[in-house]
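Q: Show me the folded form of this:
(2 chains)
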Number of protein chains: 2
Amino acid sequence: MTKNVYQFHEGNASMKSLLGGKGANLAEMVKLGLPVPPGFTITTVACMDYLKNDEIFTETLKKEILNALTDLEVQHGQKFNDQENPLLLSVRSGAVFSMPGMMDTILNLGLNDQTVEVLANKTGDARFAYDCYRRLLQMFGNVVYGIDGNRFEQYLDYLKNQKGYQLDTELTAEDLKQVILSYKNIYEEVLQLSFPQDPKEQLFLAIEAVFKSWNNHRANIYRNLHDIPHDLGTAVNIQTMVFGNSGDNSGTGVAFTRNPATGSKEVFGEFLINAQGEDVVAGVRTPEPLIKLHRILPEVYQEFQAIAQLLENHYQDMQDIEFTIESGKLYLLQTRNGKRTARASFQVAHDLAVEGLITKEQALMRLEPAMIDQLLHPVFTVEALNSAELVAKGLPASPGAATGHVVFDTKQAKSRVEQGEPVILVRQETSPEDVEAMSISEAIVTSRGGMTSHAAVVARGLGTCCVAGCSELEVNETTRQIRYEEGVIREGDIISVDGSQGKIFLGQLETEKNEESQVFQEIMTWADDAANLKVRANAETPQEIRTAIEFGAIGIGLARTEHMFFEGPRLREMRRLILAGTRDKRQDPLAILLGMQTSDFEAIFKETLDKPIVIRLLDPPLHEFLPHTKEETETLAKNLELDSDYLTARISELHETNPMLGHRGCRLGVTFPEIYEMQVEAIIRSACHLKTEGITVSPEIMIPLVGVKAELDQLKERLIKRIEAVLAEENEQVSYTIGTMIELPRACLIADQLAEEAAFFSFGTNDLTQMTYGYSRDDAGKFIPYYQKTKVLENDPFQEVDEEGVGQLMALAVKLGRQTKPDLKIGVCGEVGGNPKSIAFFEKIGLNYVSCSPYRVPIARLAVAQSAIKNKD
Amino acid sequence: MTKNVYQFHEGNASMKSLLGGKGANLAEMVKLGLPVPPGFTITTVACMDYLKNDEIFTETLKKEILNALTDLEVQHGQKFNDQENPLLLSVRSGAVFSMPGMMDTILNLGLNDQTVEVLANKTGDARFAYDCYRRLLQMFGNVVYGIDGNRFEQYLDYLKNQKGYQLDTELTAEDLKQVILSYKNIYEEVLQLSFPQDPKEQLFLAIEAVFKSWNNHRANIYRNLHDIPHDLGTAVNIQTMVFGNSGDNSGTGVAFTRNPATGSKEVFGEFLINAQGEDVVAGVRTPEPLIKLHRILPEVYQEFQAIAQLLENHYQDMQDIEFTIESGKLYLLQTRNGKRTARASFQVAHDLAVEGLITKEQALMRLEPAMIDQLLHPVFTVEALNSAELVAKGLPASPGAATGHVVFDTKQAKSRVEQGEPVILVRQETSPEDVEAMSISEAIVTSRGGMTSHAAVVARGLGTCCVAGCSELEVNETTRQIRYEEGVIREGDIISVDGSQGKIFLGQLETEKNEESQVFQEIMTWADDAANLKVRANAETPQEIRTAIEFGAIGIGLARTEHMFFEGPRLREMRRLILAGTRDKRQDPLAILLGMQTSDFEAIFKETLDKPIVIRLLDPPLHEFLPHTKEETETLAKNLELDSDYLTARISELHETNPMLGHRGCRLGVTFPEIYEMQVEAIIRSACHLKTEGITVSPEIMIPLVGVKAELDQLKERLIKRIEAVLAEENEQVSYTIGTMIELPRACLIADQLAEEAAFFSFGTNDLTQMTYGYSRDDAGKFIPYYQKTKVLENDPFQEVDEEGVGQLMALAVKLGRQTKPDLKIGVCGEVGGNPKSIAFFEKIGLNYVSCSPYRVPIARLAVAQSAIKNKD
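A: Predicted coordinates for the structure are as follows:
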């Protein structure tokens, strides 16, 4: 027969799934010989049986509970409902994971109209006894019967008011008798029921209430949100009462073994003298800092300090401890690993490892990679957020927090920034023409586009906070207004943007920034030591590359060359090139672009030096470089001295129905070979120039969007020819390799063929995900959020690699590629390259490195370490 | 040592790859005891050795040839360069596949200034001898030395003119002596060379010329075009001369054992008395029909008839025979399987099988499925094509040939058709609004879009001939003009369109139509008997379905429901539905559409009756149903009483960057469930209505674009609920199944999961190819033609399934699907479903059926039969 009830001394810390977190830790403390009021735990299994069995409380379970109760009575020398020495109990829920919305504590269970008098007589403290009883009535009514807690509080306030009291403690025994009477009336009024006088009835009702609370609405939602299984159930802890409210050498408190905000090594807590249960957190009286206990009850304080140290050593982590002092004697009611800020997490993990309590690898495993965002970017203060007015929620496209004046275009942005005003660029979506404004904005907001939209990608590269695809905002760039559900924001208005949460607030919110600490740097070094996968960055401007390397990238996994063509004079030449009707007319802009690209690469190589760098040749369709509106077209026509009708016709010729699936990537390379030839010439020439300065670079040249082996064959042959000609001309040697991006399903399927020619593979998971799912990143915003809400999709596959679909293709490509070339270097440079869960998958399928945006590099460094440690186990 | 030279009696018909087609058949005829002038063949291997070995004629090879020559001399009792009985030879090339551009025949080799006199004396016919010599000079000069043949012809014409002759035969011996002299002068003039007098030198030069001709430009191009390997080489046939020009009981001719135009059983050929070699085909004199030989040389005629029959029986196919009669004796110079028209192909294959010469399966294997197009559609007559003026070439999107007046829109089309004028619709590209005009046009021409564009798909469905993506035409729908390289075509001008060839001609060309014959029907029945794979059709209008069934489809593999929403009042309601902002406002148009769809399905089911039919729920993105131009938008706004700004905004909201990867297919089904629910209700209600008429239909309902199992789960549950409600209401039973389209790479990868819920799979190879390659059908026209030209792609993957990429995914999906459900029914309904090569692949991976456009059904029926027969072998 299943054992449903465990005395505390029968359990231990490893039995969490059966006894819940609280129960298991109480048992563990008993095992450690610590002062814990005796009690027992009803298992999570019993809870699930009850719930599955139409909420019928079986006789078997009742008997087990009553047996445990009898044991407790014998052990404790008190009896339930006894007229001389009545046993009083606390009943508390305790699931495996702590969850809000679960039933809270009921204290002083066992009191009734008789035993309250016994307690009064026995303790000689009628006030104490009546206070216990009124608390029981209040908690029981609220928790078991669902009576609105305010009903009880309102009466208490009314009475205190009438009597002119400030504090609950001013209530006299007589006052409390009146409270008890009124509370009983509330039961009658609301439920047409009396408070049950039979302590056993009280107990079973309380246990049922705990069981049922597992399935309440709030708990269900919380479990859905946090992926907690619904069939775990909750345990119930029944414990003999100790009374923190039994006089001035009694009290109750909570404490952390280290500072939960900073992580510094000091016991940190609060207490209240002559108080019970939730008085500390309820804010009825202001609690005292723990250090004051030293003065009031020095021995208890010393004992608590010793126990705190013992528990931390025992659990090898910072503890969050609940305690009660009854007439000068210390009791422990709970211990658990303490919640802490990102900063404290790093400090504690670091210190515990340095103190030798845990290994460095254990320290690494305790850290959540996503927390690093909080360390590296400013955040709004808790106080500011408490009073902030939320406007809308979009996608958390680039982390950080910022405040500024709303602007809609580059001109306004520049004019305000020149006047020293911080600005926030708000647009429906951004395009290359907005890059200047983006680079001087404190934050970027778009109403369309996803996590990999232009705005999101550029913002992450800049390290600027960004909320993308905020569809609740109706951005009108003409009227220079933003409509949202409750109002309108105009140009110049101040808003605040939280890029880590995807939230937009009205007005200015205060931010704070964690300094990048010594501790953080040290932990990153430990991470690098533990890792197998290397971390590179997706970066192309010298500034981005510098940031990436500062953040510890070992090289560049993706330098996109198209971004180099999007600025001012470059864009002009690029447009001339595209619009040239003949090969001859292309020569002039090509020559100018060659010069520009060569100095671009020189600047880049001066940052990367001998670090590896993958340079991707031009990828987007040509029409991305052309103007989109009639106005822009006319300006360009004038600028290039072209007939505006001709230009319009050319642009419409280049228009594509589905540009993502169109004439782009290596398809352009094959049909207009001059562009790729110019690009490799620029790469190799700049490498030659640097060599004369004593800098040796080894560029890895990457051909994008290969789907057919002949594309790679033909392009490689052609590019090598040009490269060798340049090297001969420069009379230099440069070691370079030519590889390919794997971003089409077909490339994965023929990876064995591609590996014959490719020196390396780099997965472009953004495109690969688009093609595998048939989702366009630009359009999927119309259904992906709905899909996630309705659980059609577990995750956004552009954020976390889809292991069973996209991942299957990737694993196949790795297998086939290495079949041809066993030491083939394979990386990933798509958006998911910086996603911790995805990184674990990439480790599993045998990639060599991941590459992500510069600000994600530290996150990835921690994630690759964790993944390596997990794999080792 | 390799044997390079084979006497005819050493070979046989199976040695084609070594001896070439001609050589192997000559050897075979010798084996059969037929009158073949003796000779030998130099192998194709010798040719390749010569070409690979820097064109050096090895001594070994020379020796082998001289040995064979000696054997021939002994055997024939004549000697090379003999002053009494000189041996004369013909030298002819003979590759494995017959190819144009290869070296032609040299006759009378061995003649020189001496032996010509011997021949004259010996035959007592100086005219004959000199005629032979001048022919040698002419052929040798042209073929071996590359002297322009016109040089010789011009002199001959000049002389005949001077003498007042009409025919070559009027030239006297003296005339011919003068010709010989002049011909020798041409050698001196052009080459500063004399004609080689040494017969062995003549022989080796002739053999080298044959070898070299393998690599000439025309031959290379031909091999590239027809996928003939370049390393096969050609054989050389050396044969003793027989002389058709040795008098009036001599002659030469060619004949087919059956009529090559109609296939009827009659020996069919032509001959010339007193003529040699190519006189028959050169058109110098008009040849006589073979039947006339009966009168002139009755015994020879009888003998030839007998031999023709023998050869046909022996080769089990219609033969194309060359023969020569020398002084009343018949010689055979060549036999091969005869080329024939599509009609003859069917007739001959059918008759041979009926006659018992071959099996039905052999008959089926002899037919090229693509030929069926010629049988089912009108074609331009050969005479018409000979004098036609080609305007431009586009994609052969839908077969057939037609003539009509150019129109650019529905209004013009209708007005002209009402006046009884045939019209051809020409547009940049077509849209649903053109369907009416398309349905009354004789042909459709577009300047944009590929083989699977709207125009192409609709045209094939209508059986109307269509040339798509004809980018050489600049179609201006506003000025109502078509510019092409050499001129302008205006509205109302007459053009002719060949949809099988993708060609457009000026003016009216005469067409002819093959009647669908009894023979054709019979062969189709044989095909159905031999096949494993079933053939269904992609069709949705009653007319299309009727056509499909007439053509032998066993059911419908794809009835697209979106086409039902593209017409007049339907389109209006669809637009109201899409533009309705709220669920409430959608109810009214939904109810109207439900009524329309229900009667649509009733009409459809009345055609299909108990045949299986797969109905695909709505697939395209919603914006496809909305207007695209400002004008149309304003008209619609008025029509629906909407604010035109609001409408414009709504349309722009629905706009997608990459609609192919956007909010379409089951994604619409999930987010706007009302549409699919309405559709299944219409399907089931109409099935119920028909049941009351005694017609039982079993619809197969297909959900498109599934990529995630939850899409299928959720939709299936929802649709079944609606269906069961309808059935309960109607109080009827309808057996239906719900399956899914497999058209995303991810669907293939998780096919095991999808098979848990799907009753059937149908591959949508169009989309699957788009996603696997990352090619948009609408845009790939910009590079696919270039890719094919430069051999980056062997084939257009939208026309023929890409076995190694797309096919690999399909094979995986079949494997995974059947792993879950061993009897899962799997078909293919994409464009390649009617492609014979692809069909063989589909047979291999285990599909159950293919589905294609109605007019391709017969082609597919033949192809599936061939594939089954091949697999059996």
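Q: Where do the helices of the stretch 701-850 of chain A begin and end?
A: Taking DSSP state H, counting those that start in this stretch, the helices of the stretch 701-850 of chain A run over residues A:709-730, A:745-749, A:751-757, A:765-773, A:784-789, A:806-820, A:836-845.
Q: Of those, flag the one that's most buried.
A: Mean neighbours per residue, mean count of other C-beta atoms under 10 Å in any protein chain shown, is largest over those for helix A:745-749, with a mean of 30. The C-beta positions use only the backbone N, C-alpha and C, and glycine is treated the same way.
Q: Could you list the residues in contact with it?
A: A:706-708, A:740-742, A:754, A:768, A:771-772, A:809-810, A:812-813, A:816, B:745, B:771-774, B:802, B:804-806, B:808-809 (C-beta atoms under 8 Å, 6 or more residues apart in numbering or on different chains).
Q: can the helices of the stretch 701-850 of chain A go into JSON lines with extra columns for mean pLDDT?
A: Formatted as JSON lines, those follow (pLDDT from 0 to 100):
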{"stretch": "helix A:709-730", "mean pLDDT": "97"}
{"stretch": "helix A:745-749", "mean pLDDT": "98"}
{"stretch": "helix A:751-757", "mean pLDDT": "98"}
{"stretch": "helix A:765-773", "mean pLDDT": "97"}
{"stretch": "helix A:784-789", "mean pLDDT": "87"}
{"stretch": "helix A:806-820", "mean pLDDT": "98"}
{"stretch": "helix A:836-845", "mean pLDDT": "95"}
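Q: Which among the ones you listed is found nearest to A:R685?
A: Each of the helices of the stretch 701-850 of chain A has some distance to A:R685 by C-beta to C-beta; the shortest is helix A:709-730, at 5.9 Å.
Q: Does that closest one reach chain B?
A: Yes. Judged by C-beta under 8 Å from any C-beta of the partner chain, helix A:709-730 comes into contact with chain B at A:710-711, A:714.
Q: Kindly state the domain boundaries assigned to chain A.
A: A:5-246, A:247-340, A:377-512, A:531-621+A:656-872 (automatic domain parsing).
Q: Same list, those domains, but as CSV with distance to B:G338 please.
A: Shown next, in CSV, are those (distance: least, C-beta to C-beta, whole Å):
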stretch, distance to B:G338
domain A:5-246, 74
domain A:247-340, 90
domain A:377-512, 63
domain A:531-621+A:656-872, 38
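Q: And those domains: which comes nearest A:L364?
A: Per C-beta to C-beta, nearest to A:L364 of these: domain A:531-621+A:656-872, 5.1 Å.
Q: what about that closest one, how long is it end to end?
A: Using C-alpha to C-alpha, to the nearest Å, one end of domain A:531-621+A:656-872 lies 11 Å from the other.
Q: What of stretch A:408-426?
A: 5 Å.
Q: Pull out the buried positions in it.
A: Residues of stretch A:408-426 classed as buried: A:408-410, A:412-413, A:416-417, A:422-426 (neighbour count, 16 or more other C-beta atoms under 10 Å in any protein chain shown).
Q: Please produce CSV containing those, extended by distance to B:Q178, secondary structure and pLDDT.
A: Rendered in CSV, the data for the buried residues of stretch A:408-426 read as follows (distance: C-beta to C-beta, whole Å; DSSP: H, G, I helix; E, B strand; the rest coil; pLDDT from 0 to 100):
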residue, distance to B:Q178, secondary structure, pLDDT
A:F408, 96, coil, 95
A:D409, 92, coil, 92
A:T410, 91, helix, 90
A:Q412, 97, helix, 92
A:A413, 96, helix, 93
A:R416, 102, helix, 93
A:V417, 100, helix, 91
A:P422, 105, coil, 94
A:V423, 100, strand, 96
A:I424, 101, strand, 96
A:L425, 95, strand, 96
A:V426, 98, strand, 96
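Q: got the residue ranges for the strands in the stretch 351-500 of chain A?
A: A:379-380, A:390-393, A:395-398, A:401-407, A:423-427, A:443-446, A:465-468, A:474-476, A:481-484, A:487-490, A:494-498 (DSSP state E, counting those that start in this stretch).
Q: What is the first one packed up against?
A: In terms of contact count using 3 or more C-beta pairs under 8 Å, 6 or more residues apart in numbering or on different chains; DSSP states H and E, strand A:379-380 is assigned the packing partners strand A:494-498, strand A:511-512.
Q: same question, the fourth one
A: Strand A:401-407 makes packing contacts with helix A:410-418, strand A:423-427, strand A:494-498, strand A:511-512 when contacts are defined by 3+ C-beta pairs under 8 Å, 6+ apart.
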